[in-house]
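>>> I would like to see how this sequence folds:
(chains A and B)
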Amino acid sequence: MDQHKGASAGAGATIKKSKTQAFEPDVVIVGSGAGGGMAAYVLTRAGIKVLILEAGRDYDPVSEAAMFQWNHDAPLCGAGTPDKAFGFYDATVNGGWDVPGEPYTNAPGSVFRWWRPRMLGGRTNHWGRHVPRFGPYDFKAKSRDGLGVDWPFAYEDIAPYYDKTEKLIGVAGANAGLENHPDSSPGILLPPSRPRATELMIKAGANALGIPCVPSRYAILTKPIDDPHAPRQACFYATPCGRGCGIGAAFQSTTSLIPMAMGTGKARIITNAMVSRVVMGPSGKAEGVEYYDKDGATHLVKARVVILAASACETARLLLNSKDGGLANSSGQVGRNLMDTTGTNVTGHIPALENRPRYNEDGMEQGHLYIPWWLYQEQAAGKLDFPRGYHYEIGGRFSQPGPGLGMGGMEDGYGAKLKEDARRYYGAQLSFTVRGEMIPNKDSYCEIDPEVKDKNGIPVLRFHWKWSDHEIRQIAHGMETAKQIIERLGGHVVGGPLPPPEQAIAVGGWIIHEVGAARMGAVAADSVTNQFGKTWDVDNLVIADGGVFPSNAHKNPTLTIMAVAWRSMDNLAERMRRGEV
Amino acid sequence: MSTISRRETLAWVSAAFASPYVAAIPEPAFAQEAGSLWKEVPVQPSTAPGYGTDPNLLKPSTPWPLTLTPEQREALRIAADLMLPADDHSPSGAALNLDAFIDEWVSAPYPDQQRDRWLILSGLAWLDAESNARFHHAWAAASDSERRAVFDDIAFKGKVKPGYGRPGFFFQRLRGLMLGGFYSRPEGMKDIGYIGNTPMQSYPGPSDEALTHLNTALAQMGIKPVA
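Below you'll find the predicted structure:
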């Protein structure tokens, strides 16, 4: 592995940039998204001084988010392009599937896509904000079915942190009392929003087949949160959350965790700081990190503790680039066990919804109801041919027309009849988005590409990817069951017969739930960190992002990233207080 | 300067199939269509600027120049009026400037739009060729009934005239673009009944009328309503 060159500046460079008097951080945090934001929030409250390094530019959703802008005012009616893959108004800055000047590669035969923004707050600025909890089974999945590995702690250990995290970020939802879908403690959840007619229809159809459909949990405020540094308003039920939320209703690091940390006076941020490696001191401890500024000059930041929260793959890249053979990699697990969520979509056209009465269906943007996994007992009894579950995020509504109208494949002909049909079929489709658990496998991992480097000369990641039969069969079940619900409601699947699951399953990385590339575990032999994210090999190096996930339940990972980060930071703060680190 | 070859076009199609960018329809395989007047119009790769990865979202602007000729714009206006004619609910496609929307679309430097550029330019050329062959004048000079005769051959699912597969594919894409451009405009949204993008104190859920409609439908399916 090449060591990229660059003269290291002293910590003075950072002091100058932060426009303050000397600020000597106790801890340097790489990344400002869910994990990094939470680390900064928790540590500053413990009186610890943190310096946050963010690879992207400064970003302020209050002044920059395009709320209420119409599709017809945007180039191409707001359509996604390689410059803005999720549409013109999507919050993502300088990123997407490709980041200019920062490539990654796929090994022959592998397809993995890696979504990265380059902005303060990272992906929390545009994420879906669906925040189901992992349940007791999810932390001990291997103990149930023998596959993958268990987490080094149990649900009971993290439950208080789920409560605290939900209270802090604000979660609208309801306790459903379902198996392995834990309830929150009383007083934690905010009221859910009323379901749309389409969602009530799916619920009725699903229930008729014995399938549950319950209020979803979203990190969106239905009541305001009063905070002197991060006041947040309640949702006003308009304009898509993915554009960023200038009123702070939809949770993002930039309107809550970051300003709350800054409000303590204990935090500083340097943006446009692309960290290239962890710098080790002579005693086997991390001394700090090296970063490139936007002009390509390198700087060294020193601190007592280094926290990596750069995102699962970027954190693995940092570790692998910090030392021949990889830093904190005595287990050989850095970069391994990479997981995403499985995904596919099934849309149904429902004749009974044609020409239905119009009303405002914007709501909280996302589905107010969802279908959680419901076949745990059948799986335990060996009645299914795949071991892990999935959920459906459901949809169907009168949405603001964009570059495509969405007539569910019913468009035909031209003229007066086409206009009649547009009215008839608008809002007459139901969608079922399958999101399932992937089990880690030996063929899915990332490593350093031996040749390719980014614009700063930092070696890039090369991805290897393969779904196993576990995921393929699960997707087949998810598609078939969605079809049954659609047909029970008198509809048909849009697009003809269901495709084979091998074709229907989204490519690796596509769901943007990549986790696991620096997993935690009970013993050093088969994991990178202990149960608190502390790397086994380096006492003052802690990982606070999704890299630490030993398994990836079908439940969207961000809430768990934050809850686990909070627990890890409590442990770190205590170790620092005792002078152990 | 090279033109975009058929092979590259097909490469875009397969790339688009795995992409989240706007709903590009995967192009079906066409057999050689004997006697078809369809010709692929050579398309130069665009060197125009895109809006970049960090555009001002509050003041959207389109940096690339429009590229269609006045004749192509006129052909699109004619097609837009046929596609979406004025009625009691909304103006016509041409009145909503769909020709300008499609010009912006096919002039954009991005892969999906460049693929559509090839398809739309080839399709507009075909409309002229077909009109000339059948009526001895160009598309713009054709009568309403002549234009309808051409559209009738390519516009209907499962009823595309044999040998007209490629023009039929062009029509499908043109219709998709026109529907999006039309109904995303204020007049189109009003027509179709989109009510939203406006702040509310609380979300009321479905109207009584919408609930009644739903529960009636569920009752007819023998399904117990949930609200």
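
>>> could you use CA atoms for every contact and neighbour count after this?
Will do.

>>> what is the subsequent helix or strand relative to the lowest-mean-pLDDT helix or strand in chain B?
Lowest mean confidence among the helices and strands of chain B (mean pLDDT, DSSP states H and E): helix B:6-17, at a mean of 36. Next helix or strand after helix B:6-17 toward the C-terminus (DSSP states H and E): helix B:70-83.

>>> got the CA positions of the following helix or strand past that next one in CSV?
Sequence-wise, the next helix or strand downstream of helix B:70-83 (DSSP H and E) is helix B:98-107. Extracted in CSV, the C-alpha atoms of helix B:98-107 (Å, rounded to 0.1, in the frame of the first residue of the first chain):
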residue,chain,number,x,y,z
LEU,B,98,-44.5,21.5,-24.0
ASP,B,99,-42.3,22.1,-27.0
ALA,B,100,-40.1,24.3,-24.8
PHE,B,101,-40.1,21.7,-22.1
ILE,B,102,-39.0,19.0,-24.5
ASP,B,103,-36.4,21.2,-26.0
GLU,B,104,-34.9,21.8,-22.6
TRP,B,105,-35.1,18.0,-22.0
VAL,B,106,-33.4,16.8,-25.1
SER,B,107,-30.8,19.6,-25.0
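
>>> just checking, next helix/strand downstream of helix B:98-107?
Next along from helix B:98-107, by DSSP H and E: helix B:111-135.

>>> show me what that next one is packed against.
Judged by 3 or more Cα pairs under 8 Å, 6 or more residues apart in numbering or on different chains; DSSP states H and E, helix B:111-135 is in contact with helix B:6-17, helix B:70-83, helix B:98-107, helix B:144-154, helix B:165-183.

>>> just those: most buried one?
Highest mean neighbour count among these (mean count of other Cα atoms under 10 Å in any protein chain shown): helix B:165-183, with a mean of 24.

>>> other residues contacting it?
Here helix B:165-183 makes contact (Cα atoms under 8 Å, 6 or more residues apart in numbering or on different chains) with A:72, A:77, A:401-405, A:414, B:25, B:27, B:30, B:33, B:38, B:80, B:83, B:93, B:96, B:98, B:101-102, B:116, B:119-120, B:123, B:126, B:153-155, B:160, B:188-189, B:191-192.

>>> what's the distance between A:L559 and A:R45?
20 Å (Cα to Cα, to the nearest Å).

>>> neighbour count: these two, which is higher?
Neighbour comparison, A:L559 and A:R45: the larger count goes to A:L559, with 25 against 15 (by other Cα atoms under 10 Å in any protein chain shown).

>>> and A:I486, how far is that from A:L209?
As defined by Cα to Cα, A:I486 lies at a distance of 11 Å from A:L209.

>>> who's more crowded, those two?
A:I486 (25 against 14).

>>> contacting residues around that one?
Contacts of A:I486 (Cα under 8 Å, 6+ apart): A:205, A:348-350, A:430, A:492-493.

>>> 10 Å instead, please
A:202, A:205-206, A:346-350, A:429-432, A:480, A:492-493 (Cα atoms under 10 Å, 6 or more residues apart in numbering or on different chains).

>>> doesn't it fall inside a strand?
No - counting by DSSP: H, G, I helix; E, B strand; the rest coil, A:I486 is not found in a strand; it is helix.

>>> flag the shaky bits of the chain, pLDDT-wise.
Just going to use chain A. A:1-21 (pLDDT under 70).

>>> wrong one, I was asking about chain B
Looking at chain B by pLDDT under 70, you get B:1-32.

>>> pick out the residue nearest the middle of it.
B:L177 (1.9 Å; Cα atoms, centre = their mean).

>>> return the distance of that residue relative to B:A80.
Taken as Cα to Cα, the span from B:L177 to B:A80 is 10 Å.

>>> overlap in contacts of these two?
Common neighbours of B:L177 and B:A80 (Cα under 10 Å, 6+ apart) are B:L98.

>>> quick check: A:N94 vs B:P65, distance?
23 Å.

>>> please apply the same query to A:K383.
60 Å.

>>> likewise for A:L308?
For A:L308 relative to B:P65 (Cα to Cα), the value is 45 Å.

>>> which one of those two has more residues nearby?
A:L308 (30 against 13).

>>> show me what contacts that one?
Per Cα under 10 Å, 6+ apart, neighbours of A:L308: A:28-31, A:35-36, A:39, A:53, A:275, A:278, A:289, A:314-316, A:318-319, A:533, A:541-545, A:547.

>>> can you pull up the bridge partners for it?
A:V30, A:I543 (DSSP bridges).

>>> the residue lying farthest from the centre of chain A: what's it in contact with?
No residue in chain A sits farther from the centre than A:A416, which is 44.9 Å out by Cα atoms, centre = their mean. Under the criterion of Cα under 10 Å, 6+ apart, the neighbours of A:A416 are B:82-87.

>>> which bits of the stretch 101-250 of chain A sit near chain B?
Residues of the stretch 101-250 of chain A lying close to chain B (Cα under 10 Å from any Cα of the partner chain) are A:117-118, A:193-198, A:200-209, A:222, A:234-240, A:243.

>>> now do 8 Å
A:193-197, A:200-201, A:203-205, A:208, A:236-239 (Cα under 8 Å from any Cα of the partner chain).

>>> just the residues you listed: which are in helices?
A:197, A:200-201, A:203-205, A:208 (DSSP state H).

>>> now flag whichever of those residues is closest to A:T105.
A:K203 (42.4 Å; Cα to Cα).

>>> not counting its neighbours along the chain, what's nearest the closest one?
A:C213 (5.2 Å; Cα to Cα, 6 or more residues apart in numbering or on different chains).

>>> now the one you found. Its backbone dihedrals?
phi -150, psi 120 (degrees, to the nearest 10).

>>> do a quick rundown of the strands in the stretch 451-581 of chain A.
Along the stretch 451-581 of chain A, the segments classed as strands by DSSP state E, counting those that start in this stretch run A:459-464, A:492-493, A:541-543.
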